[in-house]
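In: Output the structure for:
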Amino acid sequence: MNLITLSLYADIIEQLSEKRIDHASSMLTGYIALTNELIESLKILHENSLCSGSISFYDDDNLVDEATFAEIKVEHLAYKAKIELPTKKIHSKFFICRDWDTLLSYEEYVKKPIEAVYLIDDYQLITSSDNNTTFKNYQNVAKVYQLLASVAVASSGTPNLVVYERALQLSYKLKKSNLEHSFDTEALERFLDKDLHHEAKVSLVCKALVAFLSSRSESLRFGYLISHFNAFSMDLSLSYQNYVDNYTFDKVRKEYQEKATLYVERVNGVFDGAVAKLLTMPAGVWFAITQIQSYQIGDLAFIKNIAVLISVFILATFLVLNLVGQFGVLDTISKEYKGLFNRLNDEYPQEKSEIMTVLEDINEKATWVYIKLYTSLFSAVVLVSLSFILMYNAAL
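Out: This is a model prediction of the structure:
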């Protein structure tokens, strides 16, 4: 059976008079004035099991004859022909049934929509090319099913939505009333097609579905989702936006917290690197104190004292130069982290208070390092001066 055959079926029914439907036998009967063209059309229907093979001929209400298509004669065309057509026919692409609820009761035809349907109760043929809202919504239902299947976990052969290791059972059956309002699946398709945050998106869809459907009975959940799909999509969009905002904040927070730890270590490391060298200064001064002797200018003790002072002076010079260099390192680190945190502050003003708190903490630690460096520099000068004072006193 194809769409042309289904159209012939609809045309024949439209020409019938005194139509009667027997739902018990799923047959429709009616009268028609035969022509050679109609006979050929009925033969096609019969070949596709859409028409009985026997035709009854009536003169008014009196039965005149019965004949198969092969037995029809020219004289039969003078009488009314009573024909029988089935009111139910299931095909992979086309459907003949009583009404929408009958079609929608078949779960497989909800998941995989047909291309055309003939509704006996309304004597109406509807195809995918028609501008029929209900039929368009019906075909879009399959897209919703595919989206659900893409985020569901197979369980006992049936896709179930699993959230927190618990399944939300769905029965994929509908009523015509569920298809009254148009809905758009493109936004959700684009939402799930993008790789960014894909696992998080799947989780958000499942959570949103559970929140949206858990209060409904299993048999009504899918229909409720279809009826309110636009509202569901909006709720999901808001949930995803909230997730993105939180994700961004968490990412930024993690970034500046990690940077804070790094820069605190680097700032403290500036002084820690100089500590080992600073410890050599007291040892040098102590060495000078123990080696300086009373002298007269020009004697051996004088020369020895000069050599000791020169050694201490050289040690102090290298130490002072190293400390001065540490100021430059600390200045560079300070410019670096201030630039970074000012950029984060401009990009994420909603995190300004937290960012500024971290920046102030690093600044405070950097200030203490500056103080320790200045103190160390002053101590080095004092210790060197002490050696020269001892040399002076030794001459008295």
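In: Okay, now the unreliable bits of the stretch 201-350 of the chain?
Out: Filtered on pLDDT under 70, the stretch 201-350 of the chain yields the residue ranges 239-258, 270-309, 311-312, 315, 318, 347-348, 350.
In: Tell me how far residue 78 lies from residue 57.
Out: 9 Å (Cβ to Cβ, to the nearest Å). Glycine gets a C-beta too; all of them are placed from N, C-alpha and C.
In: Comparing those two, which shows the higher neighbour count?
Out: In this view residue 78 and residue 57 are compared by other Cβ atoms under 10 Å, and residue 57 has more residues nearby, 21 against 11.
In: Who are the contact partners of that one?
Out: For residue 57, the residues meeting the contact criterion (Cβ atoms under 8 Å, 6 or more residues apart in numbering) are 63, 64, 65, 66, 67, 76, 79, 80, 81, 82.
In: mind checking how far it is from residue 8?
Out: Counting by Cβ to Cβ, the gap between residue 57 and residue 8 amounts to 21 Å.
In: With residue 17 instead?
Out: Using Cβ to Cβ, residue 17 is found at 18 Å from residue 8.
In: Of those two, give the one with the bigger neighbour count.
Out: When residue 17 and residue 8 are compared on other Cβ under 10 Å, the one with more neighbours turns out to be residue 8, at 19 against 9.
In: check contacts around that one.
Out: Residues near residue 8 by Cβ under 8 Å, 6+ apart: 41, 44, 45.
In: and the first one, what does it touch?
Out: Yep, that's residue 41 we're talking about. If you count contacts by Cβ under 8 Å, 6+ apart, then residue 41 has 8, 11, 12 around it.
In: just those residues now: which is nearest residue 202?
Out: residue 8 (46.9 Å; Cβ to Cβ).
In: Torsion angles phi and psi at the closest one?
Out: phi -60, psi -40 (degrees, to the nearest 10).
In: next one: residue 64
Out: Backbone phi and psi, for residue 64 under degrees, to the nearest 10, turn out to be phi -100, psi -40.
In: Any idea how many residues pack against it?
Out: The local packing count at residue 64 equals 14, with neighbours defined by other Cβ under 10 Å.
In: for it, what are its contacts?
Out: 57, 58, 79.
In: what about the strands in the stretch 151-300 of the chain?
Out: For the stretch 151-300 of the chain, the strands defined by DSSP state E, counting those that start in this stretch cover 153-155, 158-163, 166-168.
In: Quick one, which of the contacts of residue 57 are buried?
Out: The neighbour-count test (16 or more other Cβ atoms under 10 Å) applied to the contacts of residue 57 identifies 76, 79, 80, 81, 82 as buried.
In: among those residues, which are in strands?
Out: Among those, the subset assigned to strands under DSSP state E consists of 80, 81, 82.
In: want to throw these into CSV with pLDDT and distance to residue 4?
Out: Putting these into CSV (pLDDT from 0 to 100; distance: Cβ to Cβ, whole Å) gives the following:
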residue, pLDDT, distance to residue 4
80, 90, 27
81, 91, 22
82, 92, 25
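In: Confirm that residue 28 sits in a helix.
Out: No: read with DSSP: H, G, I helix; E, B strand; the rest coil, residue 28 is strand and lies in no helix.
In: I'd guessed it sits against residue 20; true?
Out: Yes: in terms of Cβ atoms under 8 Å, residue 28 counts as a neighbour of residue 20; the distance is 7.1 Å.
In: Between the two, which is the more surrounded one?
Out: Per other Cβ under 10 Å, whichever of residue 28 and residue 20 has more neighbours is residue 28, with 21 against 9.
In: neighbours of residue 205, just the number please.
Out: By other Cβ under 10 Å, neighbour count at residue 205 equals 24.
In: ok now do it, which residues does it touch?
Out: Residues counted as contacts of residue 205 (Cβ under 8 Å, 6+ apart) are 147, 151, 188, 192, 236.
In: Next one: the nearest residue to the last one once chain neighbours are set aside from residue 366, what distance?
Out: For residue 236, ignoring the flanking residues on the chain, the nearest one in space by Cβ to Cβ, 6 or more residues apart in numbering is residue 208 at 4.7 Å. Going from residue 208 to residue 366 by Cβ to Cβ gives 47 Å.
In: before we move on, what about residue 126?
Out: Computed with Cβ to Cβ, the distance linking residue 126 and residue 366 is 76 Å.
In: Comparing these two, which shows the higher neighbour count?
Out: Neighbours per residue, other Cβ under 10 Å: of residue 126 and residue 366, the larger number sits with residue 366, 22 against 19.
In: Which pLDDT value belongs to that one?
Out: On the pLDDT scale, residue 366 is placed at 82.
In: Make sure it is actually in contact with residue 334.
Out: Yes: using Cβ under 8 Å, residue 366 is in contact with residue 334, at 5.5 Å.
In: Do I have it right that the residue nearest to residue 236 meets residue 234?
Out: No: in this structure, residue 208 sits apart from residue 234 without contact. The criterion is Cβ under 8 Å, and the distance is 10.3 Å.
In: Please report how far the closest residue in space to residue 263 that isn't next to it in sequence lies from residue 25.
Out: The spatially closest residue to residue 263, leaving aside those adjacent along the chain, is residue 337, at 4.3 Å (Cβ to Cβ, 6+ apart). Computed with Cβ to Cβ, the distance linking residue 337 and residue 25 is 87 Å.
In: Tell me which of residue 208 and residue 234 has more neighbours.
Out: Counted by other Cβ under 10 Å, residue 208 and residue 234 do not tie: residue 208 has more neighbours, with 19 against 12.
In: What segments of the stretch 201-350 of the chain are helices?
Out: When secondary structure is read from DSSP state H, counting those that start in this stretch, the stretch 201-350 of the chain shows helices at 218-227, 229-278, 280-291, 300-347.
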